[in-house]
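A.B. asks: Predicted coordinates and the sequence they were generated for:
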Amino acid sequence: MKLLALRGVACLRGGRLLFEGLDLVLGYGGTALVKGPNGVGKSSLIRVAAGLLRAAAGTVERAEAALADEHLALDERQPLGRALAFWLADPTPGIAAMGLEGLVEVPVRMLSTGQRKRAALARVIASGAPLWLLDEPGNGLDADGLARLEAAMAAHRLAGGAILAATHQPLALPGALELSLA
Amino acid sequence: MTGLILRELRLALAGGAAALPLIFFLLVATLFPFAVGPDGALLARTGGGALWTAALLAALLPVDRLVEPDRASGVLDQLHLKGFGEETVALAKLIGHWLSFGPPLMLAAIPAAALLKMPAETLGRLELGLAIGTPGLAALSLGVAALTAGLRRSGALAGLLLLPLAVPLLIFGAGYLERGNESGALQLLGAVSLLLVAGAPFAAGAAIRAGRD
């Protein structure tokens, strides 16, 4: 059983070919780290894998997935706990994993950049989805946040989950498949 | 699905945004007698048409907050990953939008009718017409909101797209006020409204998908 299978995938954006002939298969515990300079198509690859962008060629199959990208997608007016509860039956594991316990009552619009990133990751962690799609997960996180993210990713892999992450920062993912675009 | 509809309602009612179309509707009803003069018979004859026009323009007001904020904040993407089809999301938005806009407008039509010296019989027809027509108006607003999401200064474009499509609702709605149902205006109003309601989730769903490219 594969959690993510990209076969011969090509991506066209605005008439420009970003990449083509891309093959990637992630099984249980599989991890791939997409690297490359800005504008090379890392985020597009994540969105293709999520099914949000149509691949210009090739096929995409995936299991149930959770996505964390630059968009927070939480209602700005609501307290963080309630905003997360719209998406999750039980957000507590994610809140605990990202150290957000003290912010549960704080409205989302008051959160800082790093806290927002933690909230987006908390939704992925608590989602229970076997496949995590992370677009620049380390952006805006402090050392503590980064350590918590790495611990959560390690735990997810141990539990048999797969991760596809795009990043230009160093991210500790031992044994991850490195995928260089460009 | 229920959760989605409740979220739409909560967003519509938050910050008093839902009151804006109502205030606009009542404002038109107040201004109209100033413009045409205090002739009761003339007001009663033309007031119904003015109220239908006001309802149509009131439906245009919330267009920019129906789809665009959810697109920009990534909510539509996250719903896709949760396994909701774009059509389902659009249908939930349609129901939520109508609930926040249709029934309040029908309530506001009562004081508005009083301001225009509208006879009770005409008010009854107006309420029935609004009950049948506002779902169609809500569907049009949603379709146009999904089409223009992501565009800058989409307000004017939304008006240009929506108003011509709303003409049949206006004709049959106002026609029913004037002549009753001898010409079958109510059935035609229902047919147009039904067509819009049935088509809007698919049009809006396709527009949301296309907007991701």
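C.D. replies: That came in fine, so what should we check first? Numbers count the residues shown, from 1 in each chain, chains lettered A, B, ... in the order given.

A.B. asks: Every contact and neighbour count from this point should use C-alpha atoms.
C.D. replies: OK.

A.B. asks: for the residue found closest to A:E101 once you drop the neighbours it is linked to in the chain, helix, strand, or coil?
C.D. replies: What sits nearest to A:E101 in space, not counting adjacent residues and going by CA to CA, 6 or more residues apart in numbering or on different chains, is A:I95, at 6.0 Å. Under the three-state scheme (DSSP: H, G, I helix; E, B strand; the rest coil), the conformation of A:I95 reads as helix.

A.B. asks: quick one: low-confidence parts of the chain?
C.D. replies: I went with chain A, as the question did not name one. Of all residues in chain A, those with pLDDT under 70 make up the ranges A:1, A:182.

A.B. asks: actually chain B
C.D. replies: B:15.

A.B. asks: Quick check: the residue of chain A nearest chain B.
C.D. replies: For chain A, the nearest residue to chain B under the criterion CA to the nearest CA is A:A73, separated by 4.5 Å.

A.B. asks: Please enumerate the strands of chain A.
C.D. replies: Read by DSSP state E, chain A holds these strands, from start to end of the chain: A:4-13, A:16-26, A:31-35, A:57-62, A:65-68, A:131-135, A:162-166, A:177-180.

A.B. asks: Can you show me the CA trace of stretch A:67-77 as PDB?
C.D. replies: Below are the C-alpha coordinates for stretch A:67-77, written out as PDB (Å, rounded to 0.1, in the frame of the first residue of the first chain):
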ATOM      1  CA  LEU A  67      -1.500  20.100   4.500                       C
ATOM      2  CA  ALA A  68       0.400  22.900   6.200                       C
ATOM      3  CA  ASP A  69       1.300  25.700   3.800                       C
ATOM      4  CA  GLU A  70       1.600  29.500   4.000                       C
ATOM      5  CA  HIS A  71      -2.100  29.900   4.500                       C
ATOM      6  CA  LEU A  72      -3.400  29.400   8.000                       C
ATOM      7  CA  ALA A  73      -7.000  28.800   7.200                       C
ATOM      8  CA  LEU A  74      -8.200  29.500  10.700                       C
ATOM      9  CA  ASP A  75     -11.000  31.900  11.500                       C
ATOM     10  CA  GLU A  76      -9.200  35.100  12.600                       C
ATOM     11  CA  ARG A  77     -11.900  36.200  15.100                       C
END
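
A.B. asks: Need the residues that contact that stretch.
C.D. replies: For stretch A:67-77, the external contacting residues (CA atoms under 8 Å, 6 or more residues apart in numbering or on different chains) are A:50, A:83-84, A:107-109, A:116-117, A:119-121, A:124, A:132-137, B:70, B:72-75, B:78, B:81.

A.B. asks: For burial, what's the neighbour tally of residue 37?
C.D. replies: Since you didn't name a chain, this refers to chain A. As a burial measure, the neighbour count of A:P37 was computed by other CA atoms under 10 Å in any protein chain shown and equals 12.

A.B. asks: meant chain B, my bad for not saying
C.D. replies: Here the neighbour count serves as a burial measure; for B:G37 (other CA under 10 Å) it reads 10.
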